[in-house]
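J.: just a sequence and a predicted model for now, questions to come.
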Amino acid sequence: MRCARAAAILLTLATFSTGPVVHGQTEPGIPVTDPLVLARCGTCHKVDERGNMERISWARATPEGWQAATKRMIAENDVSVTPLEARGIVKYLSTRNGLAPEEAKPVMYAAERRIHDESDTGSDSLQDVCGRCHQAARALSWRRTADDWKRFAARHGTRYQFTPDAEAIGFLTKTAPLHTREWDAWSARARTTELGGRWLVTAHLPGRGDFFGEMDVEATGGGDEFVTRTRLRSVDGTSVLARTGRALAYGGTAWRGRSSGSNPASVGPGDPANAAQEAMLIAPDGASVEGRWFWGQYEELGFDVRMQRPTSDPILLLVEPRSFKAGSTGNQIRLIGDRFPVQVTTADVSAGPAVTVRRIVSSTPGEIVAELGIAQDASLGKRNIAVRSSTLERAVAIYDRIDYVKVVPDSSLAAFSNETYLRGYQQFEAIGYQRGPDGRRHTADDLELGPVDVAWSMEVFYDVDKSKQGRVGAVSPAGFFTPAAANPGVNDDVWIIATAKNEKSSDGKPLVGKSYLVVTVPTYTFNGRTYVRELDRWIEDRSGGR
């Protein structure tokens, strides 16, 4: 025990400099050792005898945080750097002064450009102070010392003319400190993860369903930059995609990249062949990667993606469909994966009690089609599905009826265009739910059943004679909302309505779900992220982008 404690102390001393108060800080900093950062940042950020660089040594952040800071230095302080140098600075700081996977995961929605309800941040004062201009996640994507959080709040308040909130500062000091157990453990490991080779990929595109396939990752130098080649096929067989791209892995945990389909110039706004940015989190063991590939004027469209390493054993990746009704027979389930046995029997597939695998309809090394029978008394809820030793947890739901339809996202924005800004679109999806064990609808234990076949429509608020509908836009049979081409210069509140084609409520009426949509003029802020496109493009040109 004493040896382990001594080793931990020595590790801490090796990782962080110690000594008297430096630059007004009362906590140890993270020395900067990169010659490029020292040369380009050292003119403004002074370096002490221990290698601590003013402000930089007492901060950690996501790649987006360090990229924004670098852009700000270029734009406001006229820092002279080449695109390659700017990229190197962001790369070093995102690795050496980055976030551990456990720290990055709660704020990944910001990097992934997801619509996210931040009411669960744990601090109303943080929402009131930070949320008025941007997502609270922007602040929570940084780690600072208590001294630096106070200084940061004071500088921010002076610059944007507001009084720093003591409660918000206290929350950030406690929730986002510079030194954490997670970072100490992560920074002690090797910061490069071997990502080259073959990966299995599953993805979901709202409105288009599930996709599956492979990605080949080829290292291009340094062990953290890669060329990617991805092949995806939709589960329904209607789409086959080939994508190529480039990616960078910051600190062995943050995957950031860009990719596009084989013919991106001819695709429409919602087409999955679009050029996309990739923001994903690499698991600590390096065996899986999860995140989002997104595109659009407001980065509102995209895939949810999961990658995992293949093994020598069978791997079950996804199943289709995701739910079956109790008491039903003749159900076919598709099991998609890798390295399935050459000969598959009903004994190789299991779905738990009261679910019988009646026969194997077909099988290949990548797909099994089986016929299931669901007993009338089968327990309701999520079931694990297994092919031999490979289990996909909570992959299938057993239900007695669909109780309601939920439209996702349940609230969102779309935007008209003008001479500078493209339109902002929105893709909707209708998901069926069963009421759950508590017997009540719209509670936490409700059972998600998967997409429901619906008819889409829209309704403008207070539009009695429907005269505004054409001015606002239209929703397609696939749930894709397209704003009108002409910009009316006003906001419109709209219900996006999904009416189930085959599912009815207890009173015999079709199940209906609604989503609240605001269609607005070209916006500078969406989902809490500030958009000043011309400035962004100028800085991108000077700094070389991500």
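T.: Structure received.
J.: wait, what's in contact with V355?
T.: Contacts for V355 (CB atoms under 8 Å, 6 or more residues apart in numbering) come out as 324, 372-375, 378, 383, 398. C-betas here are computed from N, CA, C, even on glycine.
J.: tell me the one of the residues you listed nearest S457?
T.: The nearest member of the contacts of V355 to S457, counting by CB to CB, is F324 at 29.1 Å.
J.: so what's the closest one bridging to?
T.: I398 (DSSP bridges).
J.: I figured it was touching G352, is that so?
T.: No: look at F324 against G352 with CB atoms under 8 Å: they stay out of range, at 11.6 Å.
J.: who has more neighbours, the two?
T.: F324 (21 against 15; other CB atoms under 10 Å).
J.: list the contacts of that one.
T.: 331, 333, 355, 372, 374, 396-399.
J.: give the PyMOL command for selecting the buried subset of the residues you listed.
T.: The PyMOL selection below is limited to those of these classed as buried (16 or more other CB atoms under 10 Å):
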select buried, resi 331+333+355+372+374+396+397+398+399
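J.: identify the farthest-apart pair in the contacts of F324.
T.: Pairwise over the contacts of F324, using CB to CB, the maximum falls at I333 and Y399, 14.9 Å.
J.: from the contacts of V355, which is closest to D304?
T.: R383 (21.8 Å).
J.: pairing partners for the closest one in the sheet, please.
T.: Beta-bridge partners for R383, by DSSP bridges, are V396.
J.: for the spatially most central residue of the chain, which non-adjacent residue is spatially closest?
T.: Of all residues in the chain, the one closest to the mean position by CA atoms, centre = their mean is E112, 3.7 Å from it. Excluding the flanking residues, the one nearest E112 by CB to CB, 6 or more residues apart in numbering is R292, at 3.9 Å.
J.: what lines up beside the helix or strand harbouring the one you found in the sheet?
T.: Assigned by DSSP states H and E, R292 belongs to strand 288-295. Strand 288-295 has its sheet partners listed here by DSSP bridges as strand 276-282 (antiparallel), strand 301-308 (antiparallel).
J.: wait, the residue nearest to E112 touches E300, no?
T.: No: between R292 and E300 there is no contact under CB under 8 Å: 11.3 Å.
J.: more neighbours, the two?
T.: E300 (24 against 21).
J.: number of residues surrounding A275?
T.: Neighbours around A275, by other CB under 10 Å: 15.
J.: swap in the one 4 residues further on?
T.: With neighbours defined by other CB under 10 Å, the count for A279 comes to 27.
J.: contacts only, for it.
T.: 108, 111-113, 255-256, 291-292, 294.
J.: leaving out chain neighbours, which residue sits closest to it?
T.: A111 (4.2 Å).
J.: wasn't Y298 part of a helix?
T.: No: counting by DSSP: H, G, I helix; E, B strand; the rest coil, Y298 is not found in a helix; it is coil.
J.: need the three-state assignment for G65.
T.: Following three-state DSSP, G65 is assigned to helix.
J.: and the nearest residue to it once chain neighbours are set aside, what is it in contact with?
T.: Nearest non-adjacent residue to G65, counting by CB to CB, 6+ apart: S141, 5.0 Å away. Going by CB under 8 Å, 6+ apart, S141 touches 61-62, 64-65, 99, 107, 110-111.
J.: would you mind measuring from S141 to A61?
T.: 6 Å (CB to CB, to the nearest Å).
J.: overlap in contacts of those two?
T.: Joint contacts of S141 and A61 (CB under 8 Å, 6+ apart) are L99.
J.: remind me which residues of the stretch 1-150 of the chain are low pLDDT?
T.: The stretch 1-150 of the chain contains residues with pLDDT under 70 at 1-24.
J.: which residues of it fall in strands?
T.: Ranges of strands in the stretch 1-150 of the chain, per DSSP state E, counting those that start in this stretch, are 59-61, 142-144.
J.: next: the stretch 151-300 of the chain.
T.: Using DSSP E, counting those that start in this stretch, the strands of the stretch 151-300 of the chain run over 197-205, 209-221, 225-234, 240-250, 254-261, 276-282, 288-295.
J.: could you dump these into a markdown table and include distance to F416 and mean pLDDT?
T.: Listed next are those as a markdown table, based on distance: least, CB to CB, whole Å; pLDDT from 0 to 100:
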| stretch | distance to F416 | mean pLDDT |
| --- | --- | --- |
| strand 197-205 | 24 | 97 |
| strand 209-221 | 29 | 94 |
| strand 225-234 | 31 | 96 |
| strand 240-250 | 30 | 94 |
| strand 254-261 | 26 | 95 |
| strand 276-282 | 23 | 96 |
| strand 288-295 | 19 | 97 |
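J.: V79 is nearest to which of the ones you listed?
T.: strand 240-250 (20.8 Å).
J.: what packs against that closest one?
T.: helix 83-96, strand 209-221, strand 225-234, strand 254-261, strand 276-282 (3 or more CB pairs under 8 Å, 6 or more residues apart in numbering; DSSP states H and E).
J.: what about 7 Å?
T.: helix 83-96, strand 225-234, strand 254-261, strand 276-282 (3 or more CB pairs under 7 Å, 6 or more residues apart in numbering; DSSP states H and E).
J.: show residues contacting that strand.
T.: For strand 240-250, contacts defined as CB atoms under 7 Å, 6 or more residues apart in numbering pick out 63, 91, 94-95, 98, 193, 195, 224-233, 255-262, 272-273, 278, 282.
J.: ok, of these, which come out buried?
T.: 63, 91, 94-95, 98, 193, 195, 224-226, 228, 230, 232-233, 255-261, 272-273, 278, 282.
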